[in-house]
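Participant: Generate coordinates for the sequence data below:
(one chain, ligands or ions: 3)
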Amino acid sequence: MRSPKDFFRPLAVGAPTPVREVPFRPSRMIHFFDPGNEKMAAKIPAIAPTVDVLLGNLEDAVAADRKEAARAGLVAIAKATDFGNTQLWTRVNSLDSPWVLDDLITLVTEIGDKLDVIMVPKVEGAEDIHYVDRLLAQLEAKAGTERPILVHAILETPTGVANVEEIAGASPRMQGISLGPADLAASRRMKTTRVGGGHPGYLVREDPQGDAPRATYQQDLWHYTIARMVDACAAHGILPYYGPFGDIKDTVACEDQFRNAFLLGCVGAWSLHPVQIAIAKKVFSPAPADVAWARKVIAAMGDGTGAVMIDGKMQDDATYKQCQVVARLADELAARDPELAEAYAAAEKE
Ligand SMILES: CC(=O)SCCNC(=O)CCNC(=O)[C@H](O)C(C)(C)COP(=O)(O)OP(=O)(O)OC[C@H]1O[C@@H](n2cnc3c(N)ncnc32)[C@H](O)[C@@H]1OP(=O)(O)O
Ligand SMILES: O=CC(=O)O
Ligand SMILES: [Mg+2]
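Facilitator: Ligands and ions are numbered 1, 2, ... in the order given. Alright, predicted model coming up:
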């Protein structure tokens, strides 16, 4: 019988030991591709070095009669490609679908040693994660994989949002959670047909002042859910992400949506099209001037206690910690990205 003390024990004999801490690896963009689409698949070796995460998508956006082709395509691509230090993830079909069992069995036994993370859609509660957790342990034991494959949940149903804390803490395999604004809008019966982003009808209006025209301000439809997801993830030591932005041509609004998520605490977003890769890279890498400022505060704060004034702004133990968040992220990203490392070093010298 298992007790809470067994949380970090393997769920099957012969499965690898679960991780105690989610390894932070840059994941500014999770680049989606359909492995059964020959044109997209052909681009993967060239795209791989330009992204932090490549994700072979098997779920929505893959037609029902192309599911097997997508699964087989992912196996072939994973076997044939050297991804370097770019992570390989997959999004399997939902747990109530006719495809997910074969997705998991095939992928773990065929390419389990190459897969870093499995994204599970439409997660509604801890029981969904427990099911995947046990099955993955059995399959890992069968395949002889040496490290555990981590699990990422998509937050895209009202029940999932209501249970987000228990989902985040359901297993040591939990790597992170992404907001899925399209399915969430549908299942909440929101009246937007957009994939993420704002809506001109969701606004507040200035009070009337005589006959003067009243300004309106568009509000953020996703603020509540992203903030809730970020808190749940931070409380459980896992990573939060914004999901898809569907208006591919509106690169400006995509950047805004990504930046809102970044400022609220997300570490990355999905890129659905090559044009969104550079946007995510720019937004989810702290700006060089912000990194230089953070390092200046850290240097001035010594052991991180007390209060000082820098350029007219009060700094104390809390701002020291805020600056550490930015500086640590910059270090982690610079270790992967030499161009960014140079930009950070140059900004510090200014
Ligand atoms: C709500 C959700 O679940 S979101 C997640 C699921 N959705 C997805 O994964 C969508 C992934 N992206 C796509 O399917 C496509 O980008 C689409 C359908 C949005 C647009 O595709 P297209 O109309 O072909 O776009 P476009 O003509 O600009 O593509 C230019 C080239 O980039 C390729 N391309 C497009 N998207 C991708 C991608 N994600 N990865 C790699 N290559 C891509 C196209 O195949 C095309 O190649 P070609 O020049 O050899 O013809
Ligand atoms: O899967 C993503 C979504 O927005 O739905
Ligand atoms: Mg979805």
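
Participant: distance of the nearest residue to Gln322 once chain neighbours are set aside from Val120?
Facilitator: Take Gln322 and drop its neighbours on the chain: the residue closest to it by Cβ to Cβ, 6 or more residues apart in numbering is Ala294, 7.8 Å away. For every residue, glycine as well, the C-beta is placed using N, CA and C. With the distance defined as Cβ to Cβ, to the nearest Å, Ala294 ends up 35 Å from Val120.

Participant: Then Ser171?
Facilitator: Distance of Ser171 to Val120, given as Cβ to Cβ: 11 Å.

Participant: Equivalent analysis for Ile77, please.
Facilitator: Taking Cβ to Cβ, one finds Ile77 at 21 Å from Val120.

Participant: Repeat that for Asp52.
Facilitator: For Asp52, the distance to Val120 - Cβ to Cβ - is 20 Å.

Participant: for Asp128, same thing?
Facilitator: 7 Å.

Participant: Can you pull the residues that touch both of these two?
Facilitator: Common contacts of Asp128 and Val120 (Cβ atoms under 8 Å, 6 or more residues apart in numbering): Leu95, Ala153.

Participant: now check the strand or helix carrying Thr225, is it near ligand 2?
Facilitator: For Thr225, the host element (DSSP states H and E) is helix 223-235. No: Helix 223-235 does not reach ligand 2 (Cβ under 6 Å from any ligand atom); its nearest approach is 11.2 Å.

Participant: for the helix or strand following that helix, packing partners?
Facilitator: Using DSSP H and E, the next helix or strand after helix 223-235 towards the C-terminus is strand 239-241. Where contact means 3 or more Cβ pairs under 8 Å, 6 or more residues apart in numbering; DSSP states H and E, strand 239-241 is packed against strand 174-179, helix 223-235.

Participant: Can you report how many residues lie near the residue in the stretch 151-300 of the chain that ligand 3 sits nearest to?
Facilitator: Closest to ligand 3 within the stretch 151-300 of the chain is Asp183: 3.5 Å, counting by Cβ to the ion. Neighbourhood size, Asp183 [other Cβ atoms under 10 Å]: 19.

Participant: so it makes contact with Glu156?
Facilitator: Yes: Asp183 is within contact range of Glu156, at 3.7 Å (criterion: Cβ atoms under 8 Å).

Participant: Does whichever strand or helix holds Phe262 reach ligand 2?
Facilitator: For Phe262, the host element (DSSP H and E) is helix 251-264. No: shown here: helix 251-264 not in contact with ligand 2 (Cβ under 6 Å from any ligand atom), separated by at least 12.1 Å.

Participant: Let me see the residues that make contact with that helix.
Facilitator: Residues contacting helix 251-264 (Cβ under 8 Å, 6+ apart): 179, 196-198, 220, 222-223, 226-227, 230, 241-242, 245, 247-248, 269, 275-276, 279-280, 282-284.

Participant: Which elements pack onto the helix holding Thr225?
Facilitator: Partner elements for helix 223-235 (3+ Cβ pairs under 8 Å, 6+ apart): helix 158-162, helix 164-168, strand 174-179, strand 239-241, helix 251-264.

Participant: any chance of the ones you listed in JSON lines, with mean neighbour count and mean pLDDT too?
Facilitator: Listed next are those as JSON lines, based on neighbours: other Cβ atoms under 10 Å; pLDDT from 0 to 100:
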{"stretch": "helix 158-162", "mean neighbour count": "17", "mean pLDDT": "98"}
{"stretch": "helix 164-168", "mean neighbour count": "22", "mean pLDDT": "98"}
{"stretch": "strand 174-179", "mean neighbour count": "25", "mean pLDDT": "98"}
{"stretch": "strand 239-241", "mean neighbour count": "25", "mean pLDDT": "98"}
{"stretch": "helix 251-264", "mean neighbour count": "18", "mean pLDDT": "98"}
